[in-house]
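Student: I'd like to go over a predicted model; first the sequence, then the structure.
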Amino acid sequence: MARSLFCSRRPVSALAGATAAAVLALTGCAGKSGGTAAGATTTASVTLPADALVKGGQITYCSDISAPPLTYYDTAQKPVGAEIELGNALAAELGVRAIWANTGFSGIIPALQAKQCDAIISQLYIKPEREKVVDFVPYMYASNTLVVAEKNAAAVKGADDLCGKKAAGQTGTTVVQYLTDASDKCKAAGKAEIDIRQFTKDTDALQQLRLGLVDAYGTTLETAAYVQKQQPGTFGLAGEPFNRIKVGAATRKDDTSLHDALAQALAAVRKSGAYDTILKKWNLTGDDIAN
């Protein structure tokens, strides 16, 4: 499932150093690389300079293809997901093929810097530490949400309704901190605190809700969207997404032409309606970058 918004998951401090050090760190980090072509070239709406891509006629994306519903492999081992479709749509606007290089997340920025790919599309959060080493084209948000049983969706509309109730989440994630803060507010208001159940695996927290042992389960909006897609009519979302952070397509610092071209391609994909179609298909309208 999509990566949880851990307080310190996806460490970025090591990336704040010199680019050269990051490139050296590539060795042994991006071991899962392997290209998968997707889509065919179409008439470009955005003009790219001849030397803008590592290999002419194709844009290679580094992506950790292990986070449904954003990037994962279907039963035919074809990359699928919301980010895959968005990346393919951007490639179409550029008039090139999309190649997906499966790359371990810990080595994904060094892989970009070593020109193993042209850009990263892999739910890469836009953080100040990362902006020192790559440029971003923001294309969506990552968020947290509360999931409840569909039959209880009317009774729980947000964290304020969880005072005196049970909620589950993965240990160390920002959603657990959110629940902790909400519980403190319950106590300050003279209400019963939230009984927060923490688990080392996100799937275990979900199982608590599935078994009816908790009233709500906190996770990423992306994971919730995937769960809802797999089990329609079983779960509902309580309230608006929270803990939102922008996600962007990363390009190398000196690659202004590709950065600008991707920004134009994203604008074209949004204008055509393809962006909205992709988010709606994957239940991710809550992560729309425009909202």
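Tutor: Now that the structure is in, tell me what you want to look at. Numbers count the residues shown, from 1 in each chain.

Student: Pro49 contacts Ser257, correct?
Tutor: Yes: using C-beta atoms under 8 Å, Pro49 is in contact with Ser257, at 4.9 Å. C-betas here are computed from N, CA, C, even on glycine.

Student: more neighbours, those two?
Tutor: Ser257 (16 against 11; other C-beta atoms under 10 Å).

Student: any idea how far Gln170 is from Phe235?
Tutor: Distance, Gln170 to Phe235, by C-beta to C-beta, to the nearest Å: 17 Å.

Student: and if you look at Leu209?
Tutor: According to C-beta to C-beta, Leu209 and Phe235 sit 7 Å apart.

Student: pull up the overlap in contacts between the two.
Tutor: Counting by C-beta atoms under 8 Å, 6 or more residues apart in numbering, the common neighbours of Leu209 and Phe235 are 147-149.

Student: spatially central residue for the protein, please.
Tutor: For the chain, Gln123 is the residue whose C-alpha lies nearest the centre (C-alpha atoms, centre = their mean; 3.3 Å).

Student: the more surrounded of Leu209 and Phe235?
Tutor: Applying other C-beta under 10 Å to Leu209 and Phe235 shows that Leu209 carries more neighbours, namely 25 against 21.

Student: looks to me like that one is in a helix.
Tutor: Yes: assessed with DSSP: H, G, I helix; E, B strand; the rest coil, Leu209 lies in a helix.

Student: show the pLDDT at it.
Tutor: At Leu209, the model reports a pLDDT of 96.

Student: my read: it touches Ala149, true?
Tutor: Yes: using C-beta under 8 Å, Leu209 is in contact with Ala149, at 6.7 Å.

Student: what is in contact with these two at once?
Tutor: Shared contacts of Leu209 and Ala149, defined by C-beta under 8 Å, 6+ apart, are found at Phe235.

Student: host element of the closest residue to Pro68 other than its chain neighbours?
Tutor: Closest residue to Pro68 apart from its sequence neighbours, by C-beta to C-beta, 6 or more residues apart in numbering: Tyr226 at 5.0 Å. Assessed by DSSP states H and E, Tyr226 sits inside helix 221-230.
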